[in-house]
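> Give me the fold of what follows.
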Amino acid sequence: MKKLVVAAGVVAGLAFAPIQTASAETVIPVIVKDTTSFYWQIVLAGARKAGKDLGVTVPELGAQSEADINGQISILENAVAGKPAAIVISPTQASALGKPIDEAAKSVKIIGIDSSADSKAFTSFLTTDNVAGGRIAADGLAEAIKAKYGKVEGEVAIINNLPGVGSLDARDKGFKEEIAAKYPGLKLVAVKVSDGTANGGLNITTDLMTAFPNLHGIFADNLIQCQGAIQAVAESKAQDKVKLVGFDSDDKLVKALKDGVLAATVVQDPFRMGYDGVKTALAASKGEKVEAFVDTGANLITKANMDGARAKELLEPKVK
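Predicted coordinates for the structure are as follows:
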């Protein structure tokens, strides 16, 4: 597996508790879903910084596509065989990674980040509260629709990146719950599951706008699908009619926010996930008590607030 190499970066303003260093022989692999994705590069940058601060060796591992489930399972098995102090992993798919994580946890402490799996073997799990993130997205979409149409009403849709991904299902759940509880004027007309590619998001968005000519909003629940949805909306010049809310960010999403193609995006703190994931793994490997669940937070970023200090910190992490 080709290893992604990205220079270390520190997100300004993040405060971490005092840390204890470990011996140079301590190895804590970090296994992400997709080493080519900007989001996961930020996670790895945080993990790398933690490794430097803590004196821990942090192999940066992962497949080159979030759809490569078997590839991640093989990477996990190989990492366990290396007898590390602990392993940090973001499971690609909840059901498929459940048993492999159960098996791995028989030999080493497993720290989960970002996405869950069908396993109770995690020593600790650090993630965005994705249900809350979905609610934040619903509120952001409702506000964008109100700003355009004067009231919160109309047809809306969800685009899900891949089937069976715990974090995405939780986002969609929160979105649906918030719509049902707070916005009776919004009608959820479609929930589409993509193939994990931006082209899938492009095609689904194009089809949605054709099938539902009165569509007022779309929630794309992941970075890749949002990239495709942005392209579809921009090419159709539909940004004034169809309000788009995404999840996560990269240069394309930042530009789309500035251009008004993207109404808002819910931004996590992947640098913190990587940093605190390694820090927690080190503590667990020493037998120290760690929190079973840590919420790493989420923020709604819009064109109106994207130039604020915290927004810039999240939108422009230094990973190179």
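> Isn't Y183 up against G140?
No: with contacts defined as Cβ atoms under 8 Å, Y183 does not count as touching G140, sitting 11.7 Å away. The way it works is simple: take the backbone N, C-alpha and C, and place the C-beta from them, glycine included.
> so what sits against both of those two?
Contact criterion Cβ atoms under 8 Å, 6 or more residues apart in numbering; residues shared by Y183 and G140: none found.
> Please name the nearest non-neighbouring residue to Q268.
Ranked by Cβ to Cβ, 6 or more residues apart in numbering and with sequence neighbours excluded, the top spatial neighbour of Q268 is T128, at 4.6 Å.
> and the one you found, how many neighbours does it have?
Neighbours of T128 under the rule other Cβ atoms under 10 Å: 28.
> And Q41, by the same measure?
The criterion is other Cβ under 10 Å. On that basis, Q41 has 23 neighbouring residues.
> distance of it from V267?
Counting by Cβ to Cβ, to the nearest Å, the gap from Q41 to V267 is 15 Å.
> What are the buried residues along whichever helix or strand L44 is part of?
With the criterion set as DSSP states H and E, the secondary-structure element containing L44 is helix 38-54. By neighbour count, with 16 or more other Cβ atoms under 10 Å as the criterion, the buried positions of helix 38-54 are 38-51, 53-54.
> Name the nearest of those residues relative to G82.
Checking the buried residues of helix 38-54 against G82 with Cβ to Cβ, the nearest one is G51 at 15.5 Å.
> give me every residue that touches the closest one.
With contact taken as Cβ under 8 Å, 6+ apart, G51 is in contact with 28, 57-58, 278.
> Emit the PyMOL select command for whichever of those are buried.
Selecting only the buried members of the contacts of G51 in PyMOL, with burial defined as 16+ other Cβ under 10 Å, works like this:
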select buried, resi 28+57+58+278
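> Show me the contacts of G51 that map onto strands.
Assigned to strands by DSSP state E, none of the contacts of G51 qualify.
> Would you reformat the contacts of G51 as TSV and include distance to A94 and pLDDT?
Below are the contacts of G51 laid out as TSV (distance: Cβ to Cβ, whole Å; pLDDT from 0 to 100):
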residue	distance to A94	pLDDT
I28	23	98
T57	29	98
V58	25	98
V278	23	98
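> Can you tell me which of the contacts of G51 is closest to E153?
Set against E153, the nearest of these by Cβ to Cβ is V278 (46.3 Å).
> Now that that closest one has come up, it's in contact with I28, right?
Yes: counting by Cβ under 8 Å, V278 touches I28, with 5.5 Å between them.
> show me the contacts for D34.
So D34 contacts 40, 62-66, 68 (Cβ under 8 Å, 6+ apart).
> if we go to 7 Å?
Remark: with contacts taken as Cβ atoms under 7 Å, 6 or more residues apart in numbering, D34 is in contact with 40, 62-66.
> Buried ones among these?
With neighbours counted using 16+ other Cβ under 10 Å, those contain these buried positions: 40, 62-63, 65-66.
> Now secondary structure too, for those residues, in a markdown table please.
Formatted as a markdown table, those follow (DSSP: H, G, I helix; E, B strand; the rest coil):
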| residue | secondary structure |
| --- | --- |
| W40 | helix |
| G62 | strand |
| A63 | coil |
| S65 | coil |
| E66 | coil |
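> returning to that earlier point: which residues do V278 and I28 both contact?
56, 58, 88.
> any weak-confidence spans in the protein?
Confidence mapping of the chain against pLDDT under 70 gives the ranges 1-24, 320.
> how's it carved up into domains?
Using automatic domain parsing, the domains assigned to the chain come out as 30-128+269-297, 130-267.
> Ok, which of those domains comes nearest K318?
Closest approach to K318 among these is made by domain 30-128+269-297 (7.6 Å; Cβ to Cβ).
> Next, report how far the closest one is displaced from the centre of its chain.
The chain centroid and the centroid of domain 30-128+269-297 are separated by 14 Å, computed with Cα atoms, centre = their mean, to the nearest Å.
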